[in-house]
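*Asks:* Make a model of this:
(one chain, ligands or ions: 2)
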Amino acid sequence: MTTSTDKINLLGLTRQEMEKFFDTLGEKRFRAGQAMKWIHHFGVDDFDAMTDFGKALRAKLKACAEIRGPEVVSEDISADGTRKWVVRVASGSCVETVYIPQGKRGTLCVSSQAGCALDCSFCSTGKQGFNSNLTAAEVIGQVWIANKSFGSIPATVDRAITNVVMMGMGEPLLNFDNVVSAMHLMMDDLGYGISKRRVTLSTSGVVPMIDELAKHIDVSLALSLHAPNDALRNELVPINKKYPLSVVLDSCLRYMSALGEKRVLTIEYTLLKDVNDQPEHAVEMIELLRNVPCKINLIPFNPFPHSGYERPSNNAIRRFQDALHHAGYNVTVRTTRGEDIDAACGQLVGQVMDRTRRSERYIAVRQLEADAEAVARTGSRP
Ligand code: SAH
Ligand code: SF4
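*Replies:* Numbers count the residues shown, from 1 in each chain. Ligands and ions are numbered 1, 2, ... in the order given. This is a model prediction of the structure:
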């Protein structure tokens, strides 16, 4: 399924691109909407199933186009309802997609790259180095595959997937065009119809691309902060040397004000024992974020072999959370889901990422989901 062909893959085309495609075929534009509904609402990958297209049009489409998702290597469903897919992309690498249900919400964690070039010191994806960018079809293909697995067609009724977070493998802003196209499809009524507040892009802080993002789309933004000062952040998140804290926070504020409505930045902060989890770090963070409308997600570190870091004790985590909370921030701590399927699939993904790293994906998603509807802050600021 991953072998590329010369055919145009319609799965990754935005509405505009699809209309252009039908234009160049000499067909009416409304065909674009019909095709998109078949593909995204009904999960169809066979032109013969598109019953409102005549035989001649179907033959024409078959000759030059295809609907091709990434190859599913494995699919697992946890006792708690968490689902996990390992998919192979055209470069031959595997990436992961995770679905977390919680109450009426269902959050899908989507990957944007195989590996990552940014080399954050505590991240095992970073340790793999960069392998490849996913195509738009491979990014939206993860949503397409997950959506089909629920069998509730059309997808727009009783949606299983209510939220998407770009928090799988890779730095989404370094695969900009493909990620933006895929996010447009997530939000398009002819795609998955997910509201802009429920699509979240998480970045380690690629400043020029944060500014660019505002010109293209209005999704929610999450910043991987991980340190309250430049010296420490330089160590943990090397891209900070290029775009230091004041610069990256300014760009996030610009992004949110460009959206022209009240929006809240999500701050992600992975807690590393004795590295960034001390009371003085909390104090610095309170000061740093004083003028940033945000909610904070603390992610206890998920250890992996030879990482050199440890997860803080529950007491230390609680102490850190309390300090921020008392200063008036909405702070949550992420917890794990779907560990049983994590274990079940251990060997299969061994070459892609170690077992602990896979758990981390669940952790990274769960609290975002819990927070998706939360207001910016509780209580007052000092
Ligand atoms: N590249 C993007 C999005 C993917 S990573 C980014 O960095 O924001 C999703 C989140 O998981 C990020 O906040 C990342 O820093 C965090 N993370 C990575 N490795 C982790 C680990 N071992 N334990 C806990 N969180 C981790
Ligand atoms: Fe890349 Fe994000 Fe991992 Fe950093 S934390 S190496 S940006 S995936």
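*Asks:* which parts of the stretch 201-350 of the chain sit against ligand 1?
*Replies:* Within the stretch 201-350 of the chain, the residues that sit near ligand 1 (C-beta under 6 Å from any ligand atom) are 202-204, 224, 268, 270, 299, 301-302. (Glycine included, C-beta is placed from N, CA and C.)
*Asks:* Tell me the one of those residues nearest V143?
*Replies:* V143 lies nearest to S202 out of those, by C-beta to C-beta, at 16.2 Å.
*Asks:* can you tell me which helix or strand the nearest residue to that closest one once chain neighbours are set aside belongs to?
*Replies:* Counting by C-beta to C-beta, 6 or more residues apart in numbering, A222 is the residue found nearest to S202 once chain neighbours are left out, at 4.0 Å. Using DSSP states H and E, A222 falls within strand 220-224.
*Asks:* That strand - contacts with which helices or strands?
*Replies:* strand 199-203, helix 245-258, strand 265-271 (3 or more C-beta pairs under 8 Å, 6 or more residues apart in numbering; DSSP states H and E).
*Asks:* Tell me which residues touch S195, please.
*Replies:* Taking C-beta atoms under 8 Å, 6 or more residues apart in numbering as the criterion, S195 is in contact with M187.
*Asks:* quick revisit: show the overlap between the residues of the stretch 201-350 of the chain next to ligand 1 and what lies near ligand 2.
*Replies:* Applying C-beta under 6 Å from any ligand atom to those, those adjacent to ligand 2 are 204, 224.
*Asks:* now the residues of the stretch 201-350 of the chain next to ligand 1 in JSON lines, with neighbour count?
*Replies:* Output for those, formatted as JSON lines (neighbours: other C-beta atoms under 10 Å):
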{"residue": "S202", "neighbour count": "23"}
{"residue": "T203", "neighbour count": "25"}
{"residue": "S204", "neighbour count": "27"}
{"residue": "S224", "neighbour count": "26"}
{"residue": "E268", "neighbour count": "21"}
{"residue": "T270", "neighbour count": "28"}
{"residue": "I299", "neighbour count": "23"}
{"residue": "F301", "neighbour count": "24"}
{"residue": "N302", "neighbour count": "24"}
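*Asks:* so how far is I299 from the one residue in the stretch 1-150 of the chain that gets nearest to ligand 1?
*Replies:* Residue of the stretch 1-150 of the chain nearest ligand 1, by C-beta to the nearest ligand atom: C123 (3.6 Å). From C123 over to I299 the distance is 11 Å, taken as C-beta to C-beta, to the nearest Å.
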